[in-house]
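Novice: What would the 3D arrangement of this be:
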Amino acid sequence: MQTERAKQWRTATRRSLWIGLALLGGWAFAIYWQGDVSGERLALAAQAILRLQWWAIPAPIGSLLIDLLILLVGGPLAFAFFANYVLPLSSPGEAFGTVGQLAGSLLGRLPAVLFVRNGQPQSAQSDARILLLDSASAAVLHNGGGYTRALGPGLHFVARGDAVARTLDLRKQVRRLGPHPAEDPFINDPEEDPISAASRMARRRECSGLTRDGVEVAPRIEIEFRLEGRAGGGGTPFGFHPEFAWRAVANEGVDEAAPRDARGHRVSWDWLPAHLAADVWREYVRKFSLAELFAPVKHSGEGPERTGLEIVVEMMNLRLRESIVQELDEMGRPVERQLSSPEYQLLRERGVRVLAVGLREVHLEAMREDARLKADWRELWEQRSTSVKLQNKARAVEKALLGQMDASQEFLRTVSAELYKRLKRTDGKVVRPPSEYETLQLLLQGSLAGAQQTPGLKAEVETELNELREWLDEERRYD
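Specialist: Numbering: from 1, shown residues only. The predicted model follows:
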C-alpha cells in the first residue's frame with residue numbers, strides 16, 4: 001500500500017516538474033524570439049552583476065531578472081497567502097510550512113501524513129511530518145525529552161525531532177468499569193474457562209466495595225466526561241484549548257503493578273475519571289448497611305426520602321463535579337462541616353470535566369444476599385420507575401398542550417395581522433369598521449402571508465385559500 005502510494009506520488013511529481021519546465025522554457029523562448037536578449041547583452045549583464053553594478057545591466061536583461069525575482073519570491077508568497085484561507089491551518093505562520101512541503105514534494109521527497117479522525121489515528125505514521133486533525137481530534141507532541149505542544153483541529157506541520165505522543169477525542173467520552181451487562185460477577189462455575197474467569201474477577205475487583213456490615217457490592221460504574229474547552233474554541237464546535245489538552249496527557253498516571261515496558265504501564269487520561277469514581281464509590285458505600293442501601297432513609301427534616309444507594313450516587317457526582325461538598329459521617333448522615341473534593345481538584349489540574357456519574361446493574365455477594373431484601377429492593381425500584389414514567393408522561397402532555405396553545409396564538413396573530421393594521425389608527429380619527437366581506441378578505445390576506453412564510457405549508461393551503469377568495473368575489477358580485 002505504501003509502495004503504491006509512493007509510486008503515485010513520484011509520478012505526479014515528475015509530471016508537475018515537466019509541466020513547470022515546459023512553461024518556463026516557453027516563456028524564455030518567447031523573450032528570445034522578440035530579439036530583446038542577445039549574447040552580447042547577456043555578457044554585459046553578467047559583468048555588471050559580478051561587479052555589483054546593477055545600473056549597468058541592460059534594460060531587457062534587467063526586466064528579465066525582475067520577472068524571475070517576482071516568480072521565485074512572489075510565487076511562494078502568493079501560495080502561502082491563498083493556503084492560509086483555503087487549507088484548515090491553525091495559524092498564519094503554518095502557511096509557509098505548506099510552501100516548504102510543496103518544494104520538498106517537487107524534489108521527490110514523499111512526506112509522511114497522519115490523519116486523525118475522532119481522536120483515532122488512521123495509520124501508524126508516528127514520524128509524520130504532516131498532521132491533519134478533524135474537528136473532533138487533538139494531539140500532543142513530544143521530542144524525546146518531554147511534551148512540547150498541543151495541537152487542535154486543522155492541518156499542522158510537525159517540526160523535525162517532534163513526534164505524536166498521544167491523540168485525543170474532543171467529544172463527550174463515556175467509560176464503564178465493572179461487570180459486563182447481564183454478567184454475574186459472583187458466579188462460581190467450575191466449567192468456566194480460566195482466562196474468562198480471571199477477566200470476570202478483574203472486572204469485579206474494579207468496582208467492588210463493602211457495606212458497613214461487610215457485604216460485597218459490585219456495580220457497573222458509568223461516567224461521562226470531556227476535555228475542558230469552551231464550545232467553539234479552537235475552531236471546533238466541540239471546543240479546544242491547548243493548555244487543557246497538554247495537561248491531560250502530561251499528567252497521565254502510572255500503573256505500578258504493570259511492567260515498565262508493558263503497554264498498560266501508563267494509565268491513559270480518559271480512564272482517570274472512571275477510576276476516581278470507583279474510589280469514591282468504595283468510600284461512601286461503606287457508610288451504609290446492606291438494608292440501608294435499598295431502603296428509604298431520612299436523616300433530617302428537609303428533602304425527600306432517598307435510599308442509601310441514591311445518596312452514594314449523588315455524592316459521587318458531587319465529589320467529581322464540585323469543589324466543595326457536604327461531609328457525611330460514618331453512618332452516612334450529613335454533618336454541618338463541608339470538605340474540599342480532592343478528586344475535583346485532580347481532574348481540574350488535568351483539564352477534565354465530568355458531566356455525569358451513574359451506577360448500572362448493582363450485584364450483591366451471593367452468599368450474603370437476602371431473598372426478602374432483594375424482593376423489597378425490586379418492589380421499591382419498580383415503584384420509583386413507575387412514578388418516574390408517570391411524571392415524564394405528564395410533562396410530555398403538558399409540553400404538548402403548551403405547544404398547541406403557542407401554535408394557536410401564533411396562528412391568530414398571523415391571520416389577523418392585516419385586519420389589525422386596518423383597525424389600528426395612530427392619528428386619533430375614527431376608523432370605519434370593515435364590512436363582513438372586507439373582514440374575510442383581510443383574514444385571507446393574513447392566511448396567505450402566513451403560508452408564504454412557511455414553505456411546507458404554502459404548497460398545501462395556497463390553492464385552497466385562492467379558491468376561497470374567488471368564491472368570495474363571486475358571492476359579492478351576486479349580492
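
Novice: all strands of the stretch 301-450 of the chain, in order?
Specialist: Counting by DSSP state E, counting those that start in this stretch, the stretch 301-450 of the chain has strands at residues 306-307, 324-328, 334-340, 352-364.

Novice: which one of those strands lies closest to Glu243?
Specialist: Ranking those by proximity to Glu243 (CB to CB) places strand 352-364 first, at 12.6 Å. To be clear about C-beta, it is placed using only N, CA and C from the backbone, and glycine gets the same treatment.

Novice: Go through that closest one and flag the buried ones.
Specialist: When neighbours are counted by 16 or more other CB atoms under 10 Å, the buried residues of strand 352-364 are found to be Val352, Arg353, Val354, Val357, Leu359, Glu361, Val362, His363, Leu364.

Novice: about what we covered before: which stretch among the strands of the stretch 301-450 of the chain comes nearest Pro194?
Specialist: Pro194 lies closest to strand 352-364 among those, at 21.3 Å (CB to CB).

Novice: Can you list the strands that that closest one pairs with?
Specialist: According to DSSP bridges, strand 352-364 forms sheet pairs with strand 216-227 (antiparallel).

Novice: per-residue confidence averaged over the strand it pairs with?
Specialist: Mean pLDDT, strand 216-227: 93.

Novice: right, and the helix or strand after it?
Specialist: Toward the C-terminal end, the helix or strand that comes next after strand 216-227 (DSSP states H and E) is helix 242-250.

Novice: Are there helices or strands packed against that next one, and which ones?
Specialist: In terms of contacts (3 or more CB pairs under 8 Å, 6 or more residues apart in numbering; DSSP states H and E), helix 242-250 is packed against strand 137-142, strand 147-151, strand 163-169, strand 216-227.

Novice: mind redoing it with 6 Å?
Specialist: Judged by 3 or more CB pairs under 6 Å, 6 or more residues apart in numbering; DSSP states H and E, the packing partners of helix 242-250 are strand 137-142, strand 147-151.

Novice: Check the ones you listed for me and report the most buried one.
Specialist: Comparing the helices and strands packed on helix 242-250 by mean neighbour count (mean count of other CB atoms under 10 Å), strand 137-142 ranks first with a mean of 23.

Novice: Where does the prediction get shaky in the stretch 251-400 of the chain?
Specialist: Along the stretch 251-400 of the chain, segments meeting pLDDT under 70 span 255-265, 298-304, 366-381, 384.

Novice: still on that earlier bit, among the helices and strands packed on helix 242-250, which comes closest to Pro219?
Specialist: strand 137-142 (31.9 Å).

Novice: tell me the average confidence for that closest one?
Specialist: Across strand 137-142, the average pLDDT comes to 91.

Novice: May I have it exported as PDB, CA atoms only?
Specialist: Taking C-alpha atoms only, strand 137-142 is exported to PDB below (Å, rounded to 0.1, in the frame of the first residue of the first chain):
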ATOM      1  CA  SER A 137      -9.500  15.500  17.400                       C
ATOM      2  CA  ALA A 138      -6.400  16.900  19.100                       C
ATOM      3  CA  ALA A 139      -2.800  15.700  19.500                       C
ATOM      4  CA  VAL A 140       0.100  16.300  21.900                       C
ATOM      5  CA  LEU A 141       3.700  16.200  20.500                       C
ATOM      6  CA  HIS A 142       6.900  15.200  22.300                       C
END
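
Novice: count of neighbours near Gln173?
Specialist: Residues near Gln173, counting by other CB atoms under 10 Å, number 20.

Novice: what do you get for Arg175?
Specialist: Residues near Arg175, counting by other CB under 10 Å, number 16.

Novice: Would you quantify the distance from it to Val362?
Specialist: Relative to Val362, Arg175 is positioned 18 Å away (CB to CB, to the nearest Å).

Novice: How about the contacts made by Ser208?
Specialist: For Ser208, the contacting residues are Glu216, Ala218, by CB atoms under 6 Å, 6 or more residues apart in numbering.

Novice: Any figure for the gap between it and Pro190?
Specialist: Using CB to CB, Ser208 is found at 22 Å from Pro190.

Novice: How about Ala291?
Specialist: Taking CB to CB as the measure, Ala291 and Pro190 are separated by 32 Å.

Novice: So which of those two has more stuff around it?
Specialist: Counting neighbours by other CB under 10 Å for Ala291 and for Pro190 shows that Ala291 has the greater number, 17 against 5.

Novice: quick one on the thing from earlier: who wins for proximity to Thr307 among the helices and strands packed on helix 242-250?
Specialist: When these are compared by CB to CB, strand 137-142 sits nearest Thr307, at 40.4 Å.

Novice: and the closest one, what other elements does it pack with?
Specialist: Against strand 137-142 (3+ CB pairs under 6 Å, 6+ apart) you get strand 147-151, strand 163-169, helix 242-250.

Novice: run the last query once more with 10 Å
Specialist: strand 113-117, strand 120-121, strand 130-133, strand 147-151, strand 154-157, strand 163-169, helix 242-250 (3 or more CB pairs under 10 Å, 6 or more residues apart in numbering; DSSP states H and E).

Novice: With mean pLDDT and distance to Val335 added, can I get those in JSON lines?
Specialist: Conversion of the helices and strands packed on strand 137-142 to JSON lines gives the following (pLDDT from 0 to 100; distance: least, CB to CB, whole Å):
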{"stretch": "strand 113-117", "mean pLDDT": "85", "distance to Val335": "48"}
{"stretch": "strand 120-121", "mean pLDDT": "88", "distance to Val335": "46"}
{"stretch": "strand 130-133", "mean pLDDT": "84", "distance to Val335": "48"}
{"stretch": "strand 147-151", "mean pLDDT": "89", "distance to Val335": "42"}
{"stretch": "strand 154-157", "mean pLDDT": "80", "distance to Val335": "51"}
{"stretch": "strand 163-169", "mean pLDDT": "89", "distance to Val335": "40"}
{"stretch": "helix 242-250", "mean pLDDT": "90", "distance to Val335": "34"}
